[in-house]
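Novice: Predicted model and sequence follow; I will ask about them next.
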Amino acid sequence: MTSRYGNIVKDGRPDTPPREVLLRGLTILESLNHRAVSTVEQLSASTGLPKPTVVRMLNTLVSAGYVQRLPYRRGYVLDESVLTLSSGYRSHDLIVQIARPLMSAFTARSRWPLSLATLERTTMRVRAGTLQESPYATETDMSRLTRRLPMLSSALGLAYLAFCPEDERQTLVTQLSSMRNRSEDHMAAIRSLPATVARIRTAGYAASPPETDNAAIGLAVPVMQEDKVLACLSLRYFARAMTEAEAARRHLEALRTTAEAIADSTRPERR
(Lines give C-alpha, C1' and ligand atoms only; values in the text may rest on other atoms or scores of the structure.)
Protein backbone atom coordinates (compact mmCIF):
# COMPACT_ATOMS: atom_id res chain seq x y z
CA MET A 1 0.00 0.00 0.00
CA THR A 2 1.33 3.43 -0.91
CA SER A 3 0.54 7.04 -0.15
CA ARG A 4 2.05 10.43 -0.98
CA TYR A 5 4.16 9.99 2.19
CA GLY A 6 5.82 6.71 1.22
CA ASN A 7 5.10 3.01 1.27
CA ILE A 8 3.05 1.61 4.14
CA VAL A 9 4.24 -1.69 5.53
CA LYS A 10 2.09 -4.26 7.27
CA ASP A 11 2.38 -2.74 10.74
CA GLY A 12 1.01 0.54 9.43
CA ARG A 13 4.24 2.53 9.83
CA PRO A 14 5.63 4.31 6.77
CA ASP A 15 8.58 2.67 5.07
CA THR A 16 10.02 6.00 3.97
CA PRO A 17 13.27 6.56 2.06
CA PRO A 18 15.87 8.66 3.95
CA ARG A 19 15.50 11.48 1.43
CA GLU A 20 11.78 11.80 2.17
CA VAL A 21 12.41 11.72 5.93
CA LEU A 22 14.92 14.56 5.55
CA LEU A 23 12.55 16.64 3.44
CA ARG A 24 9.73 16.15 5.93
CA GLY A 25 11.96 17.30 8.77
CA LEU A 26 12.96 20.42 6.83
CA THR A 27 9.31 21.10 6.05
CA ILE A 28 8.47 20.95 9.75
CA LEU A 29 11.33 23.37 10.54
CA GLU A 30 10.14 25.79 7.87
CA SER A 31 6.62 25.73 9.22
CA LEU A 32 7.83 26.27 12.80
CA ASN A 33 9.67 29.35 11.59
CA HIS A 34 6.41 30.99 10.49
CA ARG A 35 4.93 31.44 13.98
CA ALA A 36 6.11 31.91 17.54
CA VAL A 37 4.54 28.68 18.85
CA SER A 38 3.06 25.83 16.80
CA THR A 39 0.81 22.94 17.75
CA VAL A 40 0.78 19.52 16.11
CA GLU A 41 -2.56 20.42 14.53
CA GLN A 42 -1.19 23.63 13.02
CA LEU A 43 1.90 21.87 11.68
CA SER A 44 -0.17 19.12 10.16
CA ALA A 45 -2.41 21.66 8.44
CA SER A 46 0.46 23.79 7.13
CA THR A 47 2.65 20.91 5.90
CA GLY A 48 0.02 18.47 4.69
CA LEU A 49 1.59 15.71 6.79
CA PRO A 50 -0.56 13.40 8.95
CA LYS A 51 -0.48 14.13 12.68
CA PRO A 52 1.32 10.85 13.57
CA THR A 53 4.07 11.76 11.07
CA VAL A 54 4.33 15.28 12.49
CA VAL A 55 4.65 13.88 16.03
CA ARG A 56 7.43 11.46 14.96
CA MET A 57 9.30 14.25 13.16
CA LEU A 58 8.95 16.57 16.15
CA ASN A 59 10.24 13.91 18.55
CA THR A 60 13.29 13.42 16.34
CA LEU A 61 13.92 17.17 16.05
CA VAL A 62 13.51 17.65 19.81
CA SER A 63 16.04 14.90 20.55
CA ALA A 64 18.45 16.50 18.06
CA GLY A 65 18.13 19.93 19.67
CA TYR A 66 16.43 21.71 16.75
CA VAL A 67 13.02 22.03 18.41
CA GLN A 68 11.79 22.63 21.95
CA ARG A 69 8.63 21.11 23.38
CA LEU A 70 6.93 23.67 25.61
CA PRO A 71 5.47 22.54 28.95
CA TYR A 72 1.76 22.08 29.59
CA ARG A 73 1.15 21.05 25.95
CA ARG A 74 1.52 24.65 24.74
CA GLY A 75 3.20 23.54 21.54
CA TYR A 76 6.64 23.60 19.91
CA VAL A 77 9.22 26.29 19.11
CA LEU A 78 12.51 26.32 17.24
CA ASP A 79 15.58 25.69 19.37
CA GLU A 80 19.00 27.32 19.16
CA SER A 81 20.51 24.52 17.06
CA VAL A 82 18.60 25.68 13.99
CA LEU A 83 21.10 28.55 13.78
CA THR A 84 23.81 26.02 12.94
CA LEU A 85 21.95 25.42 9.68
CA SER A 86 22.63 29.00 8.56
CA SER A 87 25.90 30.01 6.97
CA GLY A 88 28.87 30.39 9.25
CA TYR A 89 27.16 30.05 12.62
CA ARG A 90 29.90 28.69 14.88
CA SER A 91 31.42 31.33 17.14
CA HIS A 92 28.50 31.79 19.53
CA ASP A 93 27.72 28.15 20.30
CA LEU A 94 29.83 28.11 23.47
CA ILE A 95 28.38 31.21 25.10
CA VAL A 96 24.84 30.03 24.36
CA GLN A 97 25.56 26.60 25.83
CA ILE A 98 27.00 28.18 28.97
CA ALA A 99 24.32 30.86 29.29
CA ARG A 100 21.23 28.68 29.03
CA PRO A 101 21.21 27.01 32.45
CA LEU A 102 22.20 30.27 34.16
CA MET A 103 19.41 32.12 32.39
CA SER A 104 16.93 29.38 33.24
CA ALA A 105 17.91 29.61 36.90
CA PHE A 106 17.27 33.37 36.85
CA THR A 107 13.83 32.92 35.29
CA ALA A 108 12.95 30.11 37.69
CA ARG A 109 13.62 32.49 40.59
CA SER A 110 12.13 35.72 39.22
CA ARG A 111 9.66 34.30 36.65
CA TRP A 112 10.67 37.11 34.25
CA PRO A 113 12.17 36.06 30.88
CA LEU A 114 15.72 36.75 29.70
CA SER A 115 17.19 37.12 26.21
CA LEU A 116 20.84 36.78 25.20
CA ALA A 117 22.05 38.55 22.05
CA THR A 118 25.35 39.04 20.25
CA LEU A 119 26.50 41.61 17.72
CA GLU A 120 25.78 40.79 14.08
CA ARG A 121 27.03 43.55 11.78
CA THR A 122 25.01 46.57 12.95
CA THR A 123 22.27 44.63 14.75
CA MET A 124 21.88 42.40 17.77
CA ARG A 125 21.01 38.78 17.04
CA VAL A 126 19.01 37.04 19.76
CA ARG A 127 20.75 33.72 20.33
CA ALA A 128 18.91 32.28 23.32
CA GLY A 129 16.06 33.09 25.66
CA THR A 130 13.89 31.81 28.48
CA LEU A 131 10.66 33.24 27.07
CA GLN A 132 9.10 29.78 26.88
CA GLU A 133 9.93 29.24 30.56
CA SER A 134 8.21 32.40 31.78
CA PRO A 135 4.49 33.04 32.29
CA TYR A 136 5.08 36.66 31.33
CA ALA A 137 6.47 36.25 27.80
CA THR A 138 4.49 38.08 25.11
CA GLU A 139 3.66 36.79 21.66
CA THR A 140 5.72 39.62 20.14
CA ASP A 141 8.75 38.65 22.21
CA MET A 142 8.36 34.99 21.24
CA SER A 143 8.41 35.97 17.57
CA ARG A 144 11.76 37.69 18.09
CA LEU A 145 13.63 34.54 19.02
CA THR A 146 16.74 34.27 16.79
CA ARG A 147 15.86 37.55 15.04
CA ARG A 148 17.97 40.68 14.65
CA LEU A 149 17.16 43.76 16.73
CA PRO A 150 18.18 47.37 15.98
CA MET A 151 21.15 48.76 17.88
CA LEU A 152 19.70 52.20 18.58
CA SER A 153 16.22 51.30 19.82
CA SER A 154 16.72 48.05 21.73
CA ALA A 155 18.06 47.69 25.25
CA LEU A 156 20.40 44.96 24.01
CA GLY A 157 21.85 47.19 21.28
CA LEU A 158 22.21 50.23 23.52
CA ALA A 159 23.95 48.16 26.19
CA TYR A 160 26.43 46.92 23.60
CA LEU A 161 27.12 50.44 22.30
CA ALA A 162 27.56 51.81 25.80
CA PHE A 163 30.02 49.21 27.09
CA CYS A 164 32.05 48.22 24.01
CA PRO A 165 35.50 49.85 23.51
CA GLU A 166 35.51 53.41 22.16
CA ASP A 167 37.10 52.50 18.82
CA GLU A 168 34.52 49.75 18.23
CA ARG A 169 31.69 52.14 19.13
CA GLN A 170 32.96 54.73 16.66
CA THR A 171 33.14 52.08 13.93
CA LEU A 172 29.56 51.03 14.65
CA VAL A 173 28.36 54.65 14.68
CA THR A 174 29.98 55.21 11.27
CA GLN A 175 28.26 52.13 9.89
CA LEU A 176 24.92 53.11 11.43
CA SER A 177 25.23 56.63 10.02
CA SER A 178 25.82 55.34 6.50
CA MET A 179 22.85 52.98 6.43
CA ARG A 180 20.35 53.38 3.63
CA ASN A 181 16.81 54.60 4.34
CA ARG A 182 17.89 56.43 7.49
CA SER A 183 14.93 58.00 9.26
CA GLU A 184 15.04 61.24 11.21
CA ASP A 185 14.52 59.26 14.41
CA HIS A 186 17.51 57.09 13.48
CA MET A 187 19.76 60.09 12.92
CA ALA A 188 18.47 61.81 16.06
CA ALA A 189 19.38 58.70 18.07
CA ILE A 190 22.91 58.81 16.64
CA ARG A 191 23.30 62.52 17.47
CA SER A 192 22.19 61.92 21.05
CA LEU A 193 24.26 58.74 21.45
CA PRO A 194 27.13 60.31 23.47
CA ALA A 195 24.66 61.48 26.13
CA THR A 196 22.83 58.13 25.97
CA VAL A 197 26.09 56.21 26.45
CA ALA A 198 27.07 58.37 29.42
CA ARG A 199 23.68 57.83 31.06
CA ILE A 200 23.79 54.05 30.52
CA ARG A 201 27.32 53.72 31.86
CA THR A 202 26.37 55.70 34.97
CA ALA A 203 23.26 53.57 35.56
CA GLY A 204 25.03 50.32 34.69
CA TYR A 205 22.27 49.15 32.37
CA ALA A 206 20.30 50.12 29.24
CA ALA A 207 16.53 50.30 28.97
CA SER A 208 14.45 50.24 25.82
CA PRO A 209 11.54 52.64 25.31
CA PRO A 210 8.02 51.17 25.35
CA GLU A 211 6.78 49.92 21.97
CA THR A 212 3.26 50.36 20.66
CA ASP A 213 3.01 46.70 19.62
CA ASN A 214 4.60 45.16 22.71
CA ALA A 215 3.84 45.62 26.40
CA ALA A 216 7.29 44.40 27.48
CA ILE A 217 10.32 46.60 28.13
CA GLY A 218 13.95 45.50 28.04
CA LEU A 219 16.56 46.13 30.74
CA ALA A 220 19.98 45.01 29.50
CA VAL A 221 23.52 44.57 30.81
CA PRO A 222 26.71 43.47 29.03
CA VAL A 223 28.44 40.12 29.32
CA MET A 224 32.07 41.22 29.42
CA GLN A 225 35.59 39.85 29.51
CA GLU A 226 38.08 42.63 30.21
CA ASP A 227 36.93 45.43 27.87
CA LYS A 228 35.26 43.18 25.30
CA VAL A 229 31.48 42.72 25.15
CA LEU A 230 30.82 39.04 24.44
CA ALA A 231 27.05 39.42 24.45
CA CYS A 232 24.27 41.33 26.15
CA LEU A 233 21.64 39.98 28.52
CA SER A 234 18.16 41.51 28.73
CA LEU A 235 15.36 41.16 31.25
CA ARG A 236 11.89 41.66 29.76
CA TYR A 237 9.27 43.14 32.08
CA PHE A 238 5.92 44.92 31.88
CA ALA A 239 5.71 48.66 32.45
CA ARG A 240 2.34 48.13 34.12
CA ALA A 241 3.95 45.76 36.61
CA MET A 242 6.80 48.04 37.71
CA THR A 243 8.67 51.17 36.74
CA GLU A 244 12.19 51.13 35.31
CA ALA A 245 13.55 52.18 38.70
CA GLU A 246 11.65 49.36 40.42
CA ALA A 247 12.84 46.83 37.85
CA ALA A 248 16.43 47.93 38.40
CA ARG A 249 16.06 47.87 42.18
CA ARG A 250 14.52 44.39 42.20
CA HIS A 251 16.46 42.62 39.46
CA LEU A 252 19.58 44.52 38.32
CA GLU A 253 21.95 42.93 40.83
CA ALA A 254 20.79 39.40 39.94
CA LEU A 255 20.96 40.25 36.23
CA ARG A 256 24.54 41.49 36.58
CA THR A 257 25.47 38.41 38.61
CA THR A 258 24.09 36.18 35.86
CA ALA A 259 26.01 38.10 33.18
CA GLU A 260 29.21 37.86 35.22
CA ALA A 261 28.71 34.12 35.72
CA ILE A 262 28.28 33.63 31.96
CA ALA A 263 31.43 35.63 31.22
CA ASP A 264 33.44 33.85 33.91
CA SER A 265 32.38 30.40 32.67
CA THR A 266 33.56 31.18 29.12
CA ARG A 267 37.15 31.73 30.22
CA PRO A 268 39.46 28.98 28.86
CA GLU A 269 40.80 28.12 32.33
CA ARG A 270 37.24 27.45 33.56
CA ARG A 271 36.28 25.06 30.75
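Specialist: Yes, it's here. Keep in mind the model is a prediction, meaning the values are calculated, not measured.
Novice: Poorly predicted segments of the stretch 151-271 of the chain, please.
Specialist: 210-215, 268-271 (pLDDT under 70).
Novice: What segments of it are strands?
Specialist: Under the criterion DSSP state E, counting those that start in this stretch, the stretch 151-271 of the chain carries strands at the ranges 206-207, 216-225, 228-238.
Novice: among those, which is nearest Glu120?
Specialist: Proximity to Glu120 (CB to CB) singles out strand 228-238 among the strands of the stretch 151-271 of the chain, at 11.1 Å. For glycine as for every other residue, the C-beta is placed from the backbone atoms N, C-alpha and C.
Novice: in that closest one, what counts as buried?
Specialist: For strand 228-238, burial by neighbour count (16 or more other CB atoms under 10 Å) applies to Val229, Leu230, Ala231, Cys232, Leu233, Ser234, Leu235, Arg236, Tyr237.
Novice: Among the residues you listed, which one sits closest to Ser154?
Specialist: The closest of these, once distances to Ser154 are taken by CB to CB, is Ser234, at 8.0 Å.
Novice: So which residues of the protein form helices?
Specialist: In the chain, the helices defined using DSSP state H lie at 18-32, 40-47, 51-63, 93-110, 139-143, 155-163, 166-177, 184-191, 193-203, 244-265.
Novice: ok, back up a step: make CSV out of the strands of the stretch 151-271 of the chain and add distance to Glu246.
Specialist: Rendered in CSV, the data for the strands of the stretch 151-271 of the chain read as follows (distance: least, CB to CB, whole Å):
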stretch, distance to Glu246
strand 206-207, 12
strand 216-225, 11
strand 228-238, 9
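Novice: Arg100 is nearest to which of these?
Specialist: strand 228-238 (11.9 Å).
Novice: burial measure for Ala261, as a count.
Specialist: 18 (other CB atoms under 10 Å).
Novice: Enumerate every residue touching the residue lying closest to it once chain neighbours are set aside.
Specialist: Nearest residue to Ala261, sequence neighbours excluded (CB to CB, 6 or more residues apart in numbering): Leu102, at 5.3 Å. Neighbouring residues of Leu102 by CB atoms under 8 Å, 6 or more residues apart in numbering: Thr258, Ala261, Ile262, Ser265.
Novice: Only the buried members of these: can you turn that into a ChimeraX selection?
Specialist: Filtering these down to the buried ones (16+ other CB under 10 Å) takes a single ChimeraX command:
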select :258,261,262,265
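Novice: Among the contacts of Leu102, which one sits closest to Leu23?
Specialist: Using CB to CB, these come closest to Leu23 at Ile262, 37.4 Å.
Novice: Run a quick check on the closest one versus Gln97, I expect a contact.
Specialist: No. Counting by CB atoms under 8 Å, Ile262 sits too far from Gln97 to count as a contact (10.4 Å).
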